Structure formats: structure tokens, C-alpha cells
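Asker: Need a 3D model of the following:
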Amino acid sequence: MLKALLSFLIASTLHATPMADGDFAHKAAWQREPLLSVQPIPVTSEEITIPELSAGSALAIDLTSGIILYEKNTETQRPIASLTKLMTALIIAEEELPGSVVTISENAASIEGSTLWLNTGEEITVKDLMYGMMIASGNDAAMALAEYNAGSMENFVRKMNQKAEQLGLKNTNYANPMGFDSGYNYSTARDLGLLSMYSLQNEFLMEPVDLVEYEIESKSGITHEYLSTNKLLDKDLGLEGVEVHGLKTGRTPDAGECLITVSTFPDDQQIMTVVLGSEDRFGDTESLIDWIYESTTW
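Answerer: Have a look, this model is predicted:
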């Protein structure tokens with residue numbers, strides 16, 4: 001599980017004001033306290049060639065200082081596929097108890113795309129649905145959680161958009177909790193960076209994001225095995241001391257390939273990357289991490 005992230009975020013999760021454009025370093029949308037200590041400032045060498053990415057938008061942030069290390073079209077609105085589920089997970093993590101039992105509706109069980117193969121009438125805990133949604137990107141789990149929390153998908157989507165407004169995500173809109181392609185389901189690399197930074201503070205949400213596989217038995221006695229959609233979690237990048245952690249994958253025809261990760265570096269630096277509209281989300285992310293490793297000192 002990710003630990004000791006974002007020392008500069010002293011959060012109030014109940015009161016939020018919009019964040020000034022590009023101000024990752026000094027004040028997040030929900031933060032009202034000054035920095036308590038001076039953080040090491042990353043310095044990037046211009047001698048190392050900046051990578052060319054297939055991604056339409058990309059962002060890399062040093063989480064300790066909040067300084068942007070790389071940005072490409074970070075304000076461009078794009079479909080975000082299953083990165084949508086990060087907001088779904090955040091609302092559930094803030095409002096529901098992990099042990100609460102959800103009964104799967106026919107609507108949730110019949111959802112298309114990536115699923116956990118949930119059954120109509122099956123009883124399963126919020127925690128197990130959350131794990132399935134974040135590890136295996138289960139659309140059925142996302143729908144089941146949305147219906148359980150708000151009574152219907154439409155009611156839940158309203159809550160998603162209210163939360164986005166609260167967090168100061170100015171170029172984000174949600175149309176469904178799964179991330180299905182829609183002209184009304186979009187965000188930007190910048191907004192997703194802010195959402196991710198906020199989400200990192202929630203321990204329940206962060207529990208499953210590093211897991212490569214996980215097996216559960218629902219309250220109905222049905223076994224489900226979750227396999228991660230993030231191929232970088234157990235991959236050796238060939239960079240000493242560098243490890244890749246979650247956060248979320250996504251892929252649809254309109255969105256292309258999308259990925260948010262947090263990487264830990266040898267001296268406990270932590271880097272968040274966001275790639276959207278990519279032809280190779282894992283390759284683009286590796287290129288960013290490799291470039292930061294070779295070019296940046298603290």
C-alpha cells in the first residue's frame with residue numbers, strides 16, 4: 001500500500017475551494033494550510049532528451065514538492081475510460097462502510113465490457129466490490145456500488161459531478177460511473193492529477209491499487225478472482241530502486257489507452273504520471289519514468 005505520500009497536503013475533505021491554474025506545488029483545492037517544511041526541489045537536466053509519447057495528453061508530478069516535471073496538453077478535455085472509476089471509488093470510500101453488503105441488481109449483473117461476472121441477487125461486500133473495481137476494473141462492480149450508494153446510476157452521476165466541482169476540477173464531467181464512452185464523460189490530465197492527489201489520502205481507496213491478483217468469496221458463496229489490468233505492477237523496469245504502484249487503468253475506443261501511476265524512486269521520491277489517449281499506455285509511462293530517473297535530481 002502506498003505510504004507517506006503528499007506531506008504538503010494537509011487536507012480538509014469537507015470544505016473545498018477552486019485551485020489556481022497550474023498550482024500543484026503550493027495549495028491544493030482542498031488545502032488551507034501552508035507548507036510545514038521546505039521540500040527538496042527537483043532539477044531536470046536539459047541534456048537528457050524529453051521522450052516523445054504517443055499519448056495525446058500527459059503529466060508527471062513530483063508529489064513531494066508538487067512541481068510539474070512534464071506536461072503535454074494537460075488542459076485538453078478527453079474521454080477517460082475507466083479512469084472514471086477513480087471518482088466512483090472516492091465517493092464510495094468516503095461514504096460507505098467496507099463491510100456493508102450489496103445485493104447485485106439485474107442491471108449491474110448484465111453490464112457490458114470488463115466485468116467480475118457478478119450474478120443477479122448475489123450478495124457481496126462493499127470492500128470486495130471496491131477491490132474488484134480497482135484491480136480488475138469491473139464495470140458490474142462500479143454499477144452495483146453506484147446503485148447501492150445513490151439508488152440509481154443517474155443519482156450517483158450527479159454526486160460525481162458535485163464532487164468534481166467541490167474539488168475544483170474545472171474541465172471534468174461524468175456521465176456514468178464506469179467510464180463508458182460518451183460526449184459528456186471527460187476530464188483532463190491536470191484534473192486527473194488533482195483528483196489522484198486527493199484520492200491518495202484515502203486509505204480504503206488505496207488498499208487494492210497495488211494488488212496484482214486477489215480472490216474473494218461473496219456472501220453468497222461464489223468465488224471471484226481479480227487480476228490486475230496494470231501490467232507495470234510486477235514488471236522490472238531495469239531502474240534500480242524504482243517501483244510502480246497503482247492507481248488506475250482505462251481503455252475504450254474513444255479514449256484510447258489511459259493510465260495513472262505513482263512510482264517510488266530510490267530516495268523516497270514519489271512521482272505521479274497521467275497518460276491519456278495513448279497508443280501504448282504502459283510504454284509511454286515507462287518512457288516518462290525512465291526520463292525522470294535519468295534527468296532529474298533532488
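Asker: Point out where the protein drops to low pLDDT.
Answerer: 1-38 (pLDDT under 70).
Asker: List the contacts of the closest residue to T103 other than its chain neighbours.
Answerer: Take T103 and drop its neighbours on the chain: the residue closest to it by CB to CB, 6 or more residues apart in numbering is E123, 5.5 Å away. Where C-beta positions appear, they are placed from N, C-alpha and C, glycine not excepted. By CB atoms under 8 Å, 6 or more residues apart in numbering, the contact list for E123 reads 101-104, 218-220.
Asker: 6 Å - rerun?
Answerer: The contact partners of E123, by CB atoms under 6 Å, 6 or more residues apart in numbering, come to 101, 103, 219-220.
Asker: likewise E147?
Answerer: E147 neighbours (CB under 6 Å, 6+ apart): S105.
Asker: Just checking the distance from the helix or strand hosting it to the centre of its chain.
Answerer: Element membership for E147 (DSSP states H and E) is helix 139-150. On the basis of CA atoms, centre = their mean, to the nearest Å, helix 139-150 sits 17 Å off its chain's mean C-alpha point.
Asker: After that helix, which helix or strand is next? Please name it.
Answerer: Next along from helix 139-150, by DSSP H and E: helix 153-166.
Asker: Show me what secondary structure element comes after that next one.
Answerer: Tracing the chain past helix 153-166, the next element assigned as helix or strand by DSSP H and E is helix 189-199.
Asker: I would like the residues contacting that following helix, please.
Answerer: So helix 189-199 is in contact with 57, 59, 61, 74-75, 86, 90, 167, 169, 171-172, 205, 247, 260, 274, 276, going by CB under 6 Å, 6+ apart.
Asker: farthest pair in those residues?
Answerer: Pairwise distances across the contacts of helix 189-199 (CB to CB) peak at 25.6 Å, for the pair E75 and L205.
Asker: More neighbours: those two, which one.
Answerer: Shown here are E75 and L205; by other CB atoms under 10 Å, L205 has more neighbours (22 against 14).
Asker: Point me to the helix or strand that includes that one.
Answerer: helix 203-206.
Asker: Give me the buried positions along that helix.
Answerer: 204-206 (16 or more other CB atoms under 10 Å).
Asker: can the residues you listed go into CSV with extra columns for distance to L116?
Answerer: Converted to CSV, these look like this (distance: CB to CB, whole Å):
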residue, distance to L116
F204, 18
L205, 18
M206, 20
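Asker: Between those, which sits nearest E46?
Answerer: Nearest to E46 among the buried residues of helix 203-206: M206, at 34.9 Å, using CB to CB.
Asker: What's the separation between that closest one and M130?
Answerer: Distance of M206 to M130, computed by CB to CB, to the nearest Å: 11 Å.
Asker: so what sits against both of these two?
Answerer: When contacts are counted by CB under 6 Å, 6+ apart, M206 and M130 have no shared neighbour.
Asker: Spell out which residues make up each domain of the chain.
Answerer: Domain assignment for the chain by automatic domain parsing gives 43-78+239-297, 81-227.
Asker: Those domains into TSV, with extra columns for distance to L233?
Answerer: Output for these, formatted as TSV (distance: least, CB to CB, whole Å):
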stretch	distance to L233
domain 43-78+239-297	6
domain 81-227	5
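Asker: Just give the closest residue to L205, not the sequence neighbours.
Answerer: Nearest to L205 is A93, by CB to CB, 6+ apart, at 4.1 Å.
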